[in-house]
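Undergrad: I need the structure of the sequence given here:
(chains A and B, ligands or ions: 1)
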Amino acid sequence: MKPVLLKGGRVVDPSQNHDAVADLLMVDGKVEALKKRLSAPDGAEIVDCKGKVVAPGLVDIHVHLREPGREDAETVASGARAAAAGGFTSVCAMPNTDPVTDNQAAIGFIVKQGADAGAARVYPIGATTLGQKGEQLSEFGEMVHAGAVAVSDDGHPVVSTQLMRSALEYARSFGIPVAEHCEDPYLFKHGVMHEGTVSARMGLKGIPSACEEIMVARNLLLAELTGGHIHLCHMSSRESVALIRRAKDRNVNVTAEGAPHHFALTHEATEGYDTNAKMNPPLREEADVEAVRDGLKDGTLDVIATDHAPHHYESKEREFDDAPFGIIGLETALGMGLTQLVGKGYLTLPELINRMSTEPARIFHLPAGTLRRGVAADVMVFDPEVRWVVDPAAFLSKSRNTPFGGWELAGKVERTLVGGVTVFTG
Amino acid sequence: MTVPTLGKDLLGLEPLTKEQIQLILDTAEPFKEVSERTIKKVPALRGKTIVNLFFEPSTRTRISFEFAEKRLSADTVNVAAAGSAVEKGENLVDTARNLEAMRIDMVVMRHPSSGAAKFLAERIRSNVINGGDGTHEHPTQALLDMLTIRDKFGKLDGLKVCICGDITHSRVARSNIWGLRKLGAEVAVCGPQSLMPGGIEGLGVTVFRRIEEAIEWADVLNILRLQLERMKAGYIPSLREYYRVFGVTLERLEKAPRDLLILHPGPMNRGVEIDSRVADGPHSVILEQVTNGVAVRMAVLYLLAGGRPELAEAAKGSGREGEE
Ligand SMILES: [Zn+2]
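TA: The predicted model follows:
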């Protein structure tokens, strides 16, 4: 393996409070040195990074890679390549596959497919309950041993309050978070978009914000009761953010995500019955978008996660009621963050990298999100000055379901390295 | 002054301008008389092929469209997809492609999903008329309601119209709200909040939670059918109580400060949302609505086919031509 020297880039590493022009040297797949000026060892590949940003590879703790079950929409390999193209070096795959990833053998399969892909690292998340049915806990211990980094029934909530309590308690032995999709299933019933003036106008069944907030409140109380680590996925409403903020004030063991679509779009995007604006939780109101941005600013929301949810073209090409929820996000997330958060003054660039790399690695205990000496050299390089237009046809993901087609975004990923090996060049 | 046109499709009243809505209502006037003749037929759409594509069971709307089409001399085909092997969803794209391949001129579609008419219209060249999409819009029903009200009052501007009942699940309510407001009427809705969609105030309507308040306020009541399954779904406790609390009864109307015009899009649940004595009473225009339905639909078909409004009078012929 050739040493790689990234020369003269703006190196942003929130884990070391580093934000300055410097050289980064990687040897044997690990970070060897980060210094103002380094000389290249013999045989090293030298990459001129002048004018570019060099950062720890991005970490997405919430993606759906559809394998096994819907390999027509995405595979672990295609998802890992799409991730690398988006600057991600680690992703965590949700277990709502078919069959559900709820046992050690299934976890082992994802680990193997991820290793074979040779792109971004893929860490599996095991199902909280067998078959995600919400009836019986999966074997957390064995799944963790096989490589699972968290448990989640994402796509569904764990409806039983007692079972959720048990999950939080049992998970403590393994030091893993229980990631929860917060939704009251009775209030949700048949909803397809946010309940508000737009749903009233379009004649679509609404999902009120309270549908999420009720479960957020329940989960916070259970985390407080048990001391377990609750991780709240894709927070979409202002009151959810407020509930988490108050819980953090009293040191509840909670972490939470905000998704790019929730900090960039409102329910107005659903106008015209665009099925690429159909996701769960739904796009909400301006004040909710504002709350998600504020939450990411003050750390109430610890991380940005995409909820990358690929769907085959045909399944979105239908009536709004019948189209599946979800959009893809791996190849647009950095650009969305740079344009919508950094560009609009909500976050600084180091704060964005922190929310997209250092923090997600920290809360899911992944060996990533840092350029400290000795860690695996997972690094991304992007040009902050280049503006580009999103062309879904050019995605490495197998799917195209994005509402951001045609958007002009800032920041183009130029190179992604995993363990010191370049897995993507743009 | 330019004469407005309708464009390719009629998907709802929300996208239409005041002038376009007026155009349809004005064009409907001369067509009313056609239905009064012995031979109820004019040649305006001779040679045009129209498909009535119904993914939901409907008797009234389908028959009304069919009469309108036949009275304009169009060739019509009815496709009832509801309950047949054609499932909703998977096949709407294929349905659109098939229709396109058959070179038809117009499609009237009724579909259980909101937005389905727009979905179809974006995928075929033929004119699409929304015969009701989910809980979104039912434009021709609202147009016939508006024509009926205009007949009685001579205007819509300044009138107070209250739509009563299950607003959440009503495409008729939404189309009426858009159409009436664009033509200057004040619109209110009335019913239990469990049957009001969240965000309804955003449509520019007043909300009454008691029928007595609505009766006190309104010039016109448009009383919606209460789907009987709403009770099982937990929206209301019982039909019996619904009638007692929200039913439009003679006793309640007698307390009104003025005579109220009573509309109902049908089919009625007598003794649930409306008292028989009201439905059959002197202020009910429920049967006029049915008659106007054919005229409004003739106007829509005629205009979408490129018919010029100023020629509608001529298009209907002298009346004798039909008798040849
Ligand atoms: Zn989810």
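Undergrad: hey, where'd the helices end up in chain A?
TA: Using DSSP state H, the helices assigned to chain A run over residues A:76-85, A:104-117, A:140-146, A:161-171, A:185-188, A:197-202, A:209-226, A:238-249, A:260-264, A:286-298, A:313-316, A:333-336, A:349-353, A:359-363.
Undergrad: as TSV, those with distance to residue A:377 and mean neighbour count would be great.
TA: C-beta here means a position set from N, CA and C on the backbone, and glycine is covered the same way. Shown next, in TSV, are the helices of chain A (distance: least, C-beta to C-beta, whole Å; neighbours: other C-beta atoms under 10 Å in any protein chain shown):
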stretch	distance to residue A:377	mean neighbour count
helix A:76-85	14	28
helix A:104-117	17	19
helix A:140-146	26	18
helix A:161-171	31	19
helix A:185-188	44	14
helix A:197-202	46	23
helix A:209-226	35	21
helix A:238-249	33	20
helix A:260-264	26	26
helix A:286-298	27	20
helix A:313-316	37	15
helix A:333-336	19	26
helix A:349-353	16	21
helix A:359-363	14	23
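Undergrad: the ones you listed: which one's closest to residue B:45?
TA: With respect to residue B:45, and counting by C-beta to C-beta, the nearest of the helices of chain A is helix A:197-202 at 31.6 Å.
Undergrad: mind listing what the residue in the stretch 1-150 of chain A positioned nearest to chain B touches?
TA: Closest residue of the stretch 1-150 of chain A to chain B, C-beta to the nearest C-beta: residue A:72 (15.6 Å). Shown in contact with residue A:72 (C-beta atoms under 8 Å, 6 or more residues apart in numbering or on different chains): A:312, A:398.
Undergrad: same thing but at 6 Å, please
TA: Counting by C-beta atoms under 6 Å, 6 or more residues apart in numbering or on different chains, residue A:72 touches residue A:312.
Undergrad: picking up where we left off before, ok, of the helices of chain A, where does mean pLDDT dip lowest?
TA: Between those, the one with the least mean pLDDT is helix A:313-316; it has a mean of 89.
Undergrad: can you list contacts of stretch A:172-180?
TA: Taking C-beta under 6 Å, 6+ apart as the rule, stretch A:172-180 contacts A:140, A:144, A:150-152, A:167-168, A:171, A:219, A:228-233.
Undergrad: by mean pLDDT, point me to the weakest helix or strand of chain A.
TA: Of all the helices and strands that make up chain A, helix A:313-316 has the lowest average by mean pLDDT, DSSP states H and E, namely a mean of 89.
Undergrad: need the contact list for the residue in chain B positioned nearest to the ion.
TA: Residue nearest to the ion within chain B (C-beta to the ion): residue B:198, separated by 22.1 Å. Contacts of residue B:198 were listed using C-beta under 6 Å, 6+ apart, and they are A:195, A:206.
Undergrad: so it, which of the three states?
TA: coil (DSSP: H, G, I helix; E, B strand; the rest coil).
Undergrad: tell me the centre residue of chain B?
TA: With distances taken as C-alpha atoms, centre = their mean, the residue of chain B nearest its centroid is residue B:141 (0.6 Å).
Undergrad: can you give me the neighbour number for residue 34?
TA: The chain I'm using is chain A. 20 (other C-beta atoms under 10 Å in any protein chain shown).
Undergrad: was after chain B, sorry
TA: Neighbour number of residue B:34 under other C-beta under 10 Å is 23.
Undergrad: residue numbers of the stretch 201-324 of chain B in contact with chain A?
TA: residue B:202 (C-beta under 6 Å from any C-beta of the partner chain).
Undergrad: what segments of the stretch 201-324 of chain B are helices?
TA: Along the stretch 201-324 of chain B, the segments classed as helices by DSSP state H, counting those that start in this stretch run B:211-217, B:239-246, B:250-254, B:276-279, B:286-304, B:312-315.
Undergrad: leaving out sequence neighbours, find the closest residue to residue B:93.
TA: residue A:317 (6.1 Å; C-beta to C-beta, 6 or more residues apart in numbering or on different chains).
Undergrad: mind listing what residue B:222 touches?
TA: Neighbours of residue B:222 in contact, by C-beta under 6 Å, 6+ apart: B:163, B:263.
Undergrad: for the residue in the stretch 51-200 of chain A that the ion sits nearest to, which non-adjacent residue is closest in space?
TA: As assessed by C-beta to the ion, the ion sits closest to residue A:181 within the stretch 51-200 of chain A, at 3.6 Å. Nearest non-adjacent residue to residue A:181, counting by C-beta to C-beta, 6+ apart: residue A:154, 4.6 Å away.
Undergrad: on that earlier part again, contacts for the least confident helix or strand of chain A, please.
TA: With C-beta under 6 Å, 6+ apart, helix A:313-316 has contacts from A:275, A:323, A:324, A:401.
Undergrad: 7 Å instead?
TA: Applying C-beta atoms under 7 Å, 6 or more residues apart in numbering or on different chains, the external contacts of helix A:313-316 come out as A:275, A:276, A:323, A:324, A:400, A:401.
Undergrad: go through stretch B:144-159 and flag the buried ones.
TA: The neighbour-count check on stretch B:144-159 (16 or more other C-beta atoms under 10 Å in any protein chain shown) flags B:144, B:145, B:146, B:147, B:148, B:149, B:150, B:156, B:159 as buried.
Undergrad: secondary structure element for the third one?
TA: When elements are defined using DSSP states H and E, residue B:146 is found to belong to helix B:139-153.
Undergrad: which helices and strands does the next helix or strand along the chain from that helix pack with?
TA: Note on helix B:139-153: by DSSP H and E, the next helix or strand toward the C-terminus is strand B:160-164. Counting contacts by 3 or more C-beta pairs under 7 Å, 6 or more residues apart in numbering or on different chains; DSSP states H and E, strand B:160-164 is packed against helix B:171-182, strand B:186-190, helix B:211-217, strand B:220-223.
Undergrad: and of the buried residues of stretch B:144-159, the nearest to chain A?
TA: Nearest to chain A among the buried residues of stretch B:144-159, with distances taken as C-beta to the nearest C-beta, is residue B:145, at 17.3 Å.
Undergrad: shaky segments in chain A?
TA: Under the criterion pLDDT under 70, no range of chain A is flagged.
Undergrad: can you name the residue of the stretch 51-200 of chain A nearest to chain B?
TA: Taking C-beta to the nearest C-beta, the stretch 51-200 of chain A has residue A:197 as its residue nearest chain B, at 2.9 Å.
Undergrad: leaving out sequence neighbours, find the closest residue to that residue.
TA: Nearest one to residue A:197, counting by C-beta to C-beta, 6+ apart, is residue B:202 at 2.9 Å.
Undergrad: counting neighbours, what do you get for that neighbour?
TA: 14.
Undergrad: how near is it to residue A:201?
TA: Remark: distance between residue B:202 and residue A:201 (C-beta to C-beta, to the nearest Å) = 7 Å.
Undergrad: might one say that residue A:424 is in contact with residue A:418?
TA: No: Residue A:424 is beyond contact range of residue A:418, at 8.9 Å (criterion: C-beta atoms under 7 Å).
Undergrad: these two: which is more packed in?
TA: residue A:418 (26 against 23).
Undergrad: so that one touches residue A:378, yeah?
TA: Yes: using C-beta under 7 Å, residue A:418 is in contact with residue A:378, at 5.4 Å.
Undergrad: what do the two both touch?
TA: A:57, A:89.
Undergrad: before we move on, the earlier item: give me the distance between the least confident helix or strand of chain A and the centre of its chain.
TA: The chain centre lies 23 Å from the centre of helix A:313-316; the measure is C-alpha atoms, centre = their mean, to the nearest Å.
Undergrad: leaving out sequence neighbours, find the closest residue to residue 203.
TA: I'll assume chain A. residue B:136 (3.3 Å).
Undergrad: wait, chain B was what I had in mind.
TA: Residue B:203 sits nearest to residue B:177 (C-beta to C-beta, 6+ apart), 5.3 Å away.
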